[in-house]
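**Q** Generate coordinates for the sequence data below:
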Amino acid sequence: MEIISNKQKYFELIKDFEYVPFNQSEGWYSFHAYKDPERIIFIVDSIENPTIACFAHVKKFLWLKLLMIEGECFHVDKISHQKIREFYSEITTLNYDMIEINSFHVYDHEYVIGIRQAGYLRPVGMFSTPNSILVDLQKSITYNRNWRRNLETAQKSNLKFEIIPNPDEKEIETFAKMYRNLTEDKKFSSMATEKQISVLLEDTNFSLGYVVGEQDCQIHSGIIFYKKRDYSVGVFAAKKEIAKKNGATFFMYDELFSYLRNHHFSYFDMAKITPSTHSKNNIFLFKNGIKGRYVLYAGEWAWYKNSLYRVLMYFVKKHLLKRIEV
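**A** Residues are numbered from 1 along each chain as shown. You can find the predicted model right below:
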């Protein structure tokens, strides 16, 4: 295992990797590094023959140091549990009190065997859903009754879906404002500033799409999505109040699926579904209206130098950060 100090060298090493999730892309790095680049480190199992790599976020609170890893990149999609074990075992030798992983890789027994043998366990509480829906773009997509009704409404509303190849400052500002309003309304913890969205979209693997009213020429809803090889995933989606009445968000996804299919993409990942008893269940109901295939991510794993830290982190997330347990 080696730490790379140069981001250009790191992204050059992984450019031919088969599996690079959106939260390990160069755009996602820029999104987070805009605020504090010094808190991100680059890790690779071998510079000469790289097979596993990730950039990780360094966080500090009280007297403790936490390394947070949002997934990892694999040279080939299937990695042996021996490789997983070796990589994550070596990471525990770094000078951190806690290591937390949230992997978007589809659940795989090789992955689970390797990470458990490296000494990682599920955290005391889960605060990120490991579930999603995978939509097969090469087959006819089936929607439930609510989706069909909203798509019919959208057809009567004279809407138009556009991919914005080079969004200008106003278009980025509009999306950021819509997303900010959505997060405040849904009480989400994630935020995205205009500048963060701007640097994210400098990565050509990310694209911005808008639904515009043909009569008022106003943006009604928008989506930022990531595309790599033959699959795509929704990253951020937002809407204005009018979209609740004219079906703009439903129309947006339906048009996006057609766009991706026409550009030879095979799958679209709805990026987490949150069936629950609280407000996030509304997101589940919306996404579940698309009849795709349920998938389970590898999800959250953690290693703690002291076993007491497992309980401490649960307390911090649930009671101090007020995060919702899922």
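**Q** these two touch, right, residue 260 and residue 138?
**A** No. When contacts are counted by CB atoms under 8 Å, residue 260 is not listed as touching residue 138 (10.3 Å). Where C-beta positions appear, they are placed from N, C-alpha and C, glycine not excepted.
**Q** beta partners of the closest residue to residue 59 other than its chain neighbours?
**A** Nearest residue to residue 59, sequence neighbours excluded (CB to CB, 6 or more residues apart in numbering): residue 66, at 4.4 Å. Counting by DSSP bridges, residue 66 is bridged to residue 59, residue 98.
**Q** Test my guess that residue 66 contacts residue 95.
**A** No. Checked against CB under 8 Å, the pair residue 66 and residue 95 is beyond contact range at 11.7 Å.
**Q** Pick out whichever of those two has more residues nearby.
**A** residue 66 (20 against 7; other CB atoms under 10 Å).
**Q** Return the residues in contact with that one.
**A** 58, 59, 60, 96, 97, 98, 99, 100 (CB atoms under 8 Å, 6 or more residues apart in numbering).
**Q** So which of those residues wins on neighbours?
**A** Neighbour-wise, the contacts of residue 66 (other CB under 10 Å) top out at residue 99, 23 neighbours.
**Q** who are the neighbours in contact with it?
**A** 66, 67, 69, 91, 92, 120, 302, 303, 304.
**Q** Bridged to the closest residue to the fifth one other than its chain neighbours, which residues?
**A** On the basis of CB to CB, 6+ apart, the spatially nearest residue to residue 92 that is not a chain neighbour turns out to be residue 303, at 5.5 Å. Judged by DSSP bridges, the bridge partners of residue 303 are residue 99.
**Q** could you say what helices and strands the helix or strand bottoming out on mean pLDDT in the chain packs with?
**A** Ranking every helix and strand in the chain by mean pLDDT, DSSP states H and E puts helix 169-186 at the bottom, with a mean of 87. Counting contacts by 3 or more CB pairs under 8 Å, 6 or more residues apart in numbering; DSSP states H and E, helix 169-186 packs against helix 194-200, strand 206-213, strand 219-228, strand 231-239.
**Q** how about the strands in the stretch 1-150 of the chain?
**A** Ranges of strands in the stretch 1-150 of the chain, per DSSP state E, counting those that start in this stretch, are 2-4, 40-44, 52-61, 64-69, 73-74, 98-106, 131-136.
**Q** just those strands: most buried one?
**A** Here the criterion is mean neighbour count by mean count of other CB atoms under 10 Å, and of the strands of the stretch 1-150 of the chain the winner is strand 73-74, at a mean of 24.
**Q** quick one: that strand to chain centroid distance?
**A** Computed by CA atoms, centre = their mean, to the nearest Å, the chain-centroid distance of strand 73-74 equals 15 Å.
**Q** pLDDT on that strand, on average?
**A** Mean pLDDT, strand 73-74: 96.
**Q** Residues in contact with it: which ones?
**A** 14, 17, 18, 19, 20, 21, 24, 51, 52, 53, 54, 105.
**Q** cool, stretch 76-96 as well?
**A** 1, 18-19, 43, 45, 51-52, 65-67, 69, 72, 99, 101, 108-115, 117-120, 303, 305.
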